[in-house]
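S.K.: predicted model and sequence below, questions to follow.
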Amino acid sequence: MNLLELIINYNWEEINPVFIAKLIIDLVSLTVLVRYIYLRHHHRTDLMLTFYSFNVIVFIISYLLNRVELSTGAAFGLFAIFSMLRYRTEGISAKDMTYLFLCIALGLILAVSAGSFGEHLVLASFVLLLTYLLETGWVGGKRSTMTIVFEKPELIHPSRRQELIQELEQRTGFRIYGVEVGDIDFLKDSVVLTVHHEKP
């Protein structure tokens, strides 16, 4: 019997409608989080597979284990294992790790929660709304930080601070709130600056 025949002859009535409903809520919430919040602000599509894969795997495993009375401690242990597997790799920023954390958390919460569908929707909506408000600056203000290699180390002198800020604002087009001086290389005539600026 081939795969198509197995699918056709499968007794679909055995599938728990609760599982289907939870999976739909999870996937819709994940799509809103990744497609309409993350990509709108970060434009990094290479992590799409990571976000969806981790969410779906954690959701399915947590749901199946929850059917055999998975304890809360075991559920969060599973959550921690999946989190550390990705967090220990290089090439992912703190914000990307935060979004991965949210993707895993959504899958775990929706899989093991014993509440009603309305409660599931409220939980998912709360996570999405809070993430949106934080990302757009409604809560913490529209400020960000970037690192710049600056080729005029003479401007880092305290007496020329205002001149340094004006130079950075002219070059970047951002409103600068503060500048922190990092490594100074007088041989290459450069300095590393951490610039706190208004989000565009």
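M.R.: All right, it came through fine.

S.K.: show me where the protein has helices.
M.R.: When assigned using DSSP state H, the helices of the chain occupy the ranges 3-9, 17-31, 39-42, 48-66, 72-87, 94-112, 117-136, 161-172.

S.K.: so what's the closest residue in space to Leu164 that isn't next to it in sequence up against?
M.R.: Counting by Cβ to Cβ, 6 or more residues apart in numbering, Leu164 lies nearest to Leu155, which is 4.1 Å off, once chain neighbours are set aside. Every C-beta, even on glycine, is put in place using the N, C-alpha and C of the backbone. Contacts for Leu155 were tallied using Cβ atoms under 8 Å, 6 or more residues apart in numbering; they are Glu163, Leu164, Glu167.

S.K.: got any ranges where this protein has weak pLDDT?
M.R.: Residues of the chain that meet the criterion pLDDT under 70 lie in 1-15, 67-92, 137-142, 199-200.

S.K.: hmm, who's touching stretch 30-45?
M.R.: Contacts of stretch 30-45 from elsewhere in the structure, counted by Cβ under 8 Å, 6+ apart, are 48, 51-52, 55, 95-96, 99, 102-103, 106-107, 127-128, 131-132, 135.

S.K.: neighbour-wise, which of these leads?
M.R.: Neighbours here are counted as other Cβ atoms under 10 Å. On that basis the top member of those is Gly107, with 29 neighbours.

S.K.: can you give the domain ranges for the chain?
M.R.: Per automatic domain parsing, the structural domains of the chain span 3-136, 143-198.

S.K.: just the terminal-to-terminal distance for the shortest one.
M.R.: Put plainly, it is domain 143-198. Counting by Cα to Cα, to the nearest Å, you get 4 Å between the two ends of domain 143-198.

S.K.: and it, how far from the chain's centre?
M.R.: From the chain centre to the centre of domain 143-198 is a distance of 29 Å (Cα atoms, centre = their mean, to the nearest Å).

S.K.: how about the longest one?
M.R.: The chain centre lies 12 Å from the centre of domain 3-136; the measure is Cα atoms, centre = their mean.
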